[in-house]
Structures are given as structure tokens and as C-alpha cells.
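[1] what shape does this take:
(4 chains)
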Number of protein chains: 2
Amino acid sequence: MRSTATAQSLTESHFAAPINRHARVDNIERCPTLCSSCNLKEMCLPCGMKGADSKALDEIFYNRRTIKRGASLYRAGTPFQSLFTVRSGFFKSYAVTEDGREQVTGFQMAGEIVGLDGIETDSHSINVEALEDSVVCVIPFAQLENLAGRVPSLQHQFHRMMSREIVRDQGVMMLLGSMHAEERVAAFLLNLSQRFAARGYASAEFMLRMTREEIGSYLGLKLETVSRIFSKLQQSGLIGLDKKRVRLLDLAALRAILGRTCKPMRHIDIHHHDNIKAATL
Amino acid sequence: MRSTATAQSLTESHFAAPINRHARVDNIERCPTLCSSCNLKEMCLPCGMKGADSKALDEIFYNRRTIKRGASLYRAGTPFQSLFTVRSGFFKSYAVTEDGREQVTGFQMAGEIVGLDGIETDSHSINVEALEDSVVCVIPFAQLENLAGRVPSLQHQFHRMMSREIVRDQGVMMLLGSMHAEERVAAFLLNLSQRFAARGYASAEFMLRMTREEIGSYLGLKLETVSRIFSKLQQSGLIGLDKKRVRLLDLAALRAILGRTCKPMRHIDIHHHDNIKAATL
DNA sequence: CGGGGATTTGACACATATCAAGAGCGGTGG
DNA sequence: CCACCGCTCTTGATATGTGTCAAATCCCCG
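    Residues are numbered from 1 along each chain as shown, chains lettered A, B, ... in the order given. Just a heads-up that it's a prediction; the model follows:
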């Protein structure tokens, strides 16, 4: 049923966890694994904690929860109680305005943390939805804070993860605020590639779990624009594209797209150049 | 790993930091006020802490530092040691790409916290610069974490402030990703107004500390566009404008600008509506 | 008081949105 | 099994919002 070959390693490896087949209802179960022996510990909450400290995380009484494709992990306005770390699968987070506009604020994959938006007001401010059948670890926030108060390395690691989220968001602002469509798409693909690589997956070929529209929402573009740019990159030989499967064929060229700010500069002449120099210095 | 001892030495090094040079140099002084008696405590770090706990914050050995207009509080790449809370004045934070593009990621005013970007990697990822002569409280982060480990209410309050920053950033993403120029400007003005109001300042009339270009960078617009929209809003009577001084004359109308998404919605019909419903469910 | 940056405004260019049509695909039910 | 349906994606033609370039004024700061 799932498409053939290569990228299945992305999904299969984590599907050892039992998935509730019958009901459309999310399944909650007692966690069978401890953080200290989890294969994701290198990039999840325990990252950076050593020896005894990392064992301390096992104190937390947490559950696994499976979320079906298309189902919500949580919605804006619901009370905040727990953080979630993605065990397997793929999520999107998005905000909705009163007038119904939807803005995707991020895509989350294995090892990434979700739910930080709820801490401020004790209720969630955004929505998080599974883009494929997924499994998360549910971490009761009160317990985490309690434990963090006693384990400095955990506390610090948690702060680092929040800080990382802030830095990530600022990167998105940069992308949305000052990049052209083609740059945004290139940055998006490279970012995904990098994150897959960090997880030991193929970094040059992967499945896009989200639609063109969701990509567009994330990048501040319309779906048609995303599609057109995909086509263009494909024709230029920078990427290979088969439906949702992407192959990055020329990483250097993709990175180069990020560099060039001032368009092809066709109408440029010496005068022009001087102006630009003067303006930027 | 971070002991109190290192924390002290961190602070010491702050004192010893090469803050030489006469005239245009930032000034550092021992803080004359305690958090528990600070007039900003309602909206600063101590916010939400009660009685004895709020006194605990006084344990932190922190300094005041004055930053001249145009001077940097910190720059990207410099080592992270302390957080800062704005005591008075106004700042902008901004990121810079390799190719020199600058993206303003936020404006900070009294009671707001700055520096959270540095926690992740122990070095700052963005730049922060004073838009007017300003004063900040310097909070050595190691000390803060140490104290937070012993004072749960402080720990929780700090987590709330980080979460707030994340939520704020997501609001900016929404603004940059799915709003029109006029909406962005309106949202910007209303946001400033609200923050001034929360501080007991006039919320309908205030000075813009930043240039049109900085506003544009923040909003993902060019300075000319910002200027044009200011003019338009003025001509419509929604705002009064005199150089950097703004008066919000019609809050309701400004808020209304945020509501209308789909232009005049001319081509809409019932079919369309059905599609939308189906799509969102 | 002078000079350079900030702002405004206009004319025009261009990137991206909008509208529209069709193709491909997956699921569903006869 | 095929036919149908809805959704996603692609592609083209066109519209439009915002950027770009330019020039004049203003005025803040030294």
C-alpha cells in the first residue's frame, strides 16, 4: 500500500510500536520504553544528558499515544497539560485567524518537541495535526518541571530546546520576511534534508508528507507558486520530483539559490551597481 | 556542570569586560533596586510570583547596564552569558544573512526579556540594538537557572516567558505569511498600542522609535510601502501622523482591517462555500 | 547652520496571486 | 472489474499588490 522502496526506512523502522487498527480513536498506552534506552534519545529531550542524569528522565511517568493521519494532537484553546515528543511520524502545527485563514507554523518529525505554545497561558494557542499515522510520547509538564527542578542538566536541556524553538521561529521570520519564492522553497527543501540527515535517513531523497498547499502556507506562498517552482527546479535539474517524492540532485546549486539576493540583475549597469553598494554600506 | 562558582566568575568577567573607552561607551553599574521593589515587576520576570518567592529573586546578583541609542546590546556570534530585561528604552532585534540582508525580528520595550536566543548554543544568534538610550537589567543565566531550580514559581514563570516568546513569534509568522501590507501595518500599530497600554502609557498616541525601514523589515515590506500605507491610513482618518508621532484615531476601523481577508469577495457563491467546508473538515 | 539620512510621492516593473481548465491518482461503490 | 468522485497537482492566461527606481522635501544631529 505504501509506495515502494527507498524511503520506507523513514517510516517502517519506528512502526514497531503497536498501532491500534480497529477504531478511529487515538490510542493511549503505557510507555514500553524508557528515555534512557530510547533510540531517539540523541535528539530528543535527553540529548546532552549524561549517565545518571539521563536515567533520571526515566522517573517521568509518560505514555505513548498514537495519532492517525489527519487527526489532531491538540487544538487551539484546549487546556495545556503535557508536552509531546514525536516518536515516529510527521506533524504540522498551524494557527487559524478569526476569519478562517490558516497559517502553518511548522512541521515536526521524530525527536522534536511539540506543545511549548501552551505553557504561557495554560492553554494551547495553535493546532497540531498528524500528517501520517504517528506516535508521540506524552510528557506531563508538571512532572517535567518538577524533575527539572531537581536535575539541573535536564533543566538546562529543556531550556535549550525552548531556545531552539525560538531561534527556529526567527529563521522562519527571515524566510517569510525577506526571501523570494524560489529561495523559500530551496530553503525549505534543504531544511528538511538536513533534518532527515540528522536522523540518519536519506537526506537527498525523501517523501513530502504535506500537500503543496501546506507547504505554501508555511512559506507564505500559494500552492500554485510552490508547484511552479518545483517544476522549475526540476527542469533545471536541481531536484527530481515524482508526486510527493523529492530527490535533491544538486545540493550546491540549491544552496546557491539562497545566496543571491538581487534577482538576475539584468538591467544592471555600473551606475546601478554603485547605488547598490552605497545603499548597503 | 554549571556551578554557582562558575556563575560568579561569569559575572565577574562581566565587570572586567573590556568596557573601556570614554564617551560613547555603555555604562555598567551595580543595581540599586531589587526585583521585589521594582516598579516593573508586574510585567517583568517576577510577574506572577507571590510573597516570599518574589523576594527570592532578589538573591540574583545583577547589574544595570545603559545602552546608548544605536549601540548593540549584543551581536550574533558573541557568547551567551546573561539574559536582559528592558528597564527603560526601546530595542530592536534582527538577524542578518550571509548576503547582508537584515530582518528585524522584534521590538522590545520595558519589562520584556531579551537574549533567549543564546541559550541553545551558548552563543547569540541574533543582534539586539537600542533604538533610544536604554537601560537593561543584566541577569546572569547560570544564576537564574540555579535559582529557578530552587524556586518552582520562578522556574514556571521563566518557562511562561519563553513560551510567550514562542507564541509571539508564531503571531509574526502569521502576519508575514498570510496578511496584506495594510493588515500588517494595522496589526503592528495595534500591537504597539496594546503594549503601551499594558504599561500604563497612552495607548492611542505614541512615538515610533524605529524608522520606516525598520518597520518594513519587521513586516516584510519595503519602507516606501510602509510610508504609503501610513499616508493612506492618515487620509482615511484612521490615524494621525506627525513624523514619528502616531495617533490612533479609529481603533475599531483599524481592527476591522485585520478582519477582511478575501478582498471584496466578489466571485463567491454557494458552491464555493461548500468546497471550503469540505476542505476544512 | 550645514549636510546627510529619513520620509514622501510618483512612475513603472515585476513577482506572485488569482482564475480557470485539465490531468492524475486513490478510494468507493455498483 | 469498471466508473465515478473528490482531491491534489500542474500549467496557462491574466490581474494586481508590492517592489524598484528616482526625485524632492524635510529635519534631525552634529
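
[2] contacts only, for the residue nearest to residue A:72 when sequence neighbours are not counted.
    Once flanking residues are discounted, residue A:72 sits nearest to residue A:129: 5.1 Å by Cβ to Cβ, 6 or more residues apart in numbering or on different chains. Using the backbone N, CA and C atoms, a C-beta is placed for each residue, glycine as well. Applying Cβ atoms under 8 Å, 6 or more residues apart in numbering or on different chains to residue A:129 gives the contacts A:70-73, A:91-94.

[3] tell me the bridge partners for residue A:129.
    On the basis of DSSP bridges, residue A:129 is bridged to residue A:72, residue A:92.

[4] and the helix or strand hosting residue A:86, what other elements does it pack with?
    Using DSSP states H and E, residue A:86 sits within strand A:82-88. Applying 3 or more Cβ pairs under 8 Å, 6 or more residues apart in numbering or on different chains; DSSP states H and E, we find strand A:82-88 packed against strand A:113-114, strand A:134-140, helix A:141-150.

[5] show the average pLDDT along whichever helix or strand comes after the longest one.
    Once the chain leaves helix A:141-150, the next helix or strand it forms, by DSSP H and E, is helix A:152-178. Averaging pLDDT along helix A:152-178 gives 96.

[6] likewise for stretch A:60-79?
    Stretch A:60-79 comes out at a mean pLDDT of 90.

[7] say whether DNA strand C is contacted by it.
    No: Stretch A:60-79 does not reach DNA strand C (Cβ under 7 Å from any atom of the strand); its nearest approach is 10.3 Å.

[8] output that stretch as PDB, nothing but the C-alphas.
    Listed next in PDB are the C-alpha coordinates belonging to stretch A:60-79 (Å, rounded to 0.1, in the frame of the first residue of the first chain):
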ATOM      1  CA  ILE A  60       8.800  10.600  34.400                       C
ATOM      2  CA  PHE A  61       5.600   8.600  34.100                       C
ATOM      3  CA  TYR A  62       4.700   9.100  30.500                       C
ATOM      4  CA  ASN A  63       2.600   7.400  27.900                       C
ATOM      5  CA  ARG A  64       2.600   6.800  24.200                       C
ATOM      6  CA  ARG A  65      -0.200   8.000  22.100                       C
ATOM      7  CA  THR A  66      -0.800   7.100  18.500                       C
ATOM      8  CA  ILE A  67      -2.400   9.700  16.200                       C
ATOM      9  CA  LYS A  68      -4.000   8.700  12.900                       C
ATOM     10  CA  ARG A  69      -3.200  10.700   9.800                       C
ATOM     11  CA  GLY A  70      -5.400  13.700   9.800                       C
ATOM     12  CA  ALA A  71      -6.200  13.600  13.500                       C
ATOM     13  CA  SER A  72      -5.400  16.400  15.900                       C
ATOM     14  CA  LEU A  73      -2.800  16.000  18.600                       C
ATOM     15  CA  TYR A  74      -4.300  19.100  20.200                       C
ATOM     16  CA  ARG A  75      -6.300  22.200  19.200                       C
ATOM     17  CA  ALA A  76      -6.000  25.900  19.900                       C
ATOM     18  CA  GLY A  77      -7.900  26.700  23.100                       C
ATOM     19  CA  THR A  78      -7.700  23.300  24.700                       C
ATOM     20  CA  PRO A  79      -6.100  23.200  28.100                       C
END
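
[9] identify all contacting residues around the strand holding residue A:86.
    A:11, A:13-15, A:17, A:40, A:44-45, A:64-65, A:73, A:108-116, A:128, A:134-141, A:144.

[10] what pairs with residue A:205 across the strands?
    Beta-bridge partners of residue A:205, as defined by DSSP bridges: residue A:247.

[11] ok, now how distant is it from residue B:195?
    Residue A:205 is 46 Å from residue B:195, where distance means Cβ to Cβ, to the nearest Å.

[12] also residue A:257?
    According to Cβ to Cβ, residue A:257 stands 37 Å off from residue B:195.

[13] repeat that for residue A:190.
    In this view, residue A:190 and residue B:195 are 36 Å apart by Cβ to Cβ.

[14] so residue A:218 sits right up against residue A:102, yeah?
    No: using Cβ atoms under 8 Å, residue A:218 makes no contact with residue A:102, being 10.4 Å away.

[15] can you pull the residues that touch both of those two?
    With Cβ under 8 Å, 6+ apart as the test, residue A:218 and residue A:102 reach no residue in common.

[16] out of these two, which sits in the busier spot?
    Using other Cβ atoms under 10 Å in any protein chain shown, the more surrounded residue of residue A:218 and residue A:102 is residue A:218, with 25 against 17.

[17] what residue in the stretch 1-150 of chain A comes nearest to chain B?
    Here the stretch 1-150 of chain A gets closest to chain B at one residue, residue A:119, 3.5 Å apart by Cβ to the nearest Cβ.

[18] quick check: closest non-adjacent residue to residue A:237.
    residue A:249 (6.1 Å).

[19] would you check that the one you found makes contact with residue A:239?
    Yes: the pair residue A:249 and residue A:239 passes the contact test of Cβ under 8 Å, sitting 5.8 Å apart.
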